[in-house]
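[1] below is the structure, and that's it, no one-letter string:
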């Protein structure tokens, strides 16, 4: 059943093309959605926002890690004092109690850091997904408008791949490619320098990683 489901989109596309061809001359255009998305100025602005958020998360986690390292040092010192025979039994007992309290504090702090890390990763991924969905809607509106204006029956994403990771579009002479026109319209009046090296291509945010003590 799963294998059959994989071929349904291709079957539907072939059926649509066949039926349309019988009714009228089929007019097809292509657009590279990946290129459009990457070169849309709002994507570049969103990339900056994501990078700023990611950098703040790293700063927060590094600060929490530094506190953990200091707490670990204090714990080891208290533990050593609790075994110092030069101290009275009463003093050693107090040091042992202090060490136990410090250990509990460290465990709670590590749990808080882990929780913050998980939450930060999820929030960052959610922010990326919301941004991506919103921009794709805007891009699709422009593509649809251009397709209607050009009298096209069908617009295919030339960057799309099949479930087998092979190109959907095998050949394209680019005579009816809307990519550059769509990018140009999307970036009309862009408030940023699109050629600035500060704006790298957009990609999904990588998961945060930290070294635990």
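    Nice, I can see it. Since the structure is predicted, the reported quantities are computational estimates derived from the model, not experimental observations.
[2] where does the protein dip in pLDDT?
    By pLDDT under 70, the low-scoring segments of the chain are 1-24, 192-213.
[3] the residue most distant from the middle of it, which is it?
    Here the centre of the chain is the reference, and by CA atoms, centre = their mean the most remote residue is residue 88, at 57.7 Å.
[4] residue contacts, residue 91?
    residue 81 (CB atoms under 8 Å, 6 or more residues apart in numbering). Glycine gets a C-beta too; all of them are placed from N, C-alpha and C.
[5] and it, its phi and psi?
    Recorded main-chain torsions at residue 91 are phi -70, psi -40, according to degrees, to the nearest 10.
[6] is residue 153 in contact with residue 29, as I believe?
    No: the pair residue 153 / residue 29 is not scored as a contact, 9.0 Å apart, by CB atoms under 8 Å.
[7] returning to that earlier point: how about the residue farthest from the centre of the chain, what does it touch?
    When the contact criterion is CB under 8 Å, 6+ apart, residue 88 has no partners at all.
[8] cool, and residue 127?
    Residues near residue 127 by CB under 8 Å, 6+ apart: 49-50, 53.
[9] could you do residue 142 as well?
    Here residue 142 is in contact with 182, 185-186 (criterion: CB under 8 Å, 6+ apart).
[10] now, which of the contacts of residue 127 lie within strands?
    Among these, no residue falls in strands (DSSP state E).
[11] which among those count as buried?
    In the contacts of residue 127, burial by neighbour count holds for 50, 53, counting by 16 or more other CB atoms under 10 Å.
[12] could you dump the contacts of residue 127 to JSON lines with distance to residue 65?
    Formatted as JSON lines, the contacts of residue 127 follow (distance: CB to CB, whole Å):
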{"residue": "49", "distance to residue 65": "25"}
{"residue": "50", "distance to residue 65": "22"}
{"residue": "53", "distance to residue 65": "19"}
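[13] now do the strands in this protein.
    Going by DSSP E, the chain shows strands at 28-31, 154-157.
[14] that older thread, who wins for most neighbours among the contacts of residue 142?
    residue 182 (25 neighbours; other CB atoms under 10 Å).
[15] ok, that one - contacts?
    Residue 182 neighbours (CB under 8 Å, 6+ apart): 31, 36, 139, 142-143, 146.
[16] and residue 50, by the same measure?
    Counting by CB under 8 Å, 6+ apart, the residues that residue 50 touches are 124, 127-128, 131, 205.
[17] nearest to residue 69, of the residues you listed?
    Proximity of the contacts of residue 50 to residue 69 (CB to CB) peaks at residue 124, which lies at 24.9 Å.
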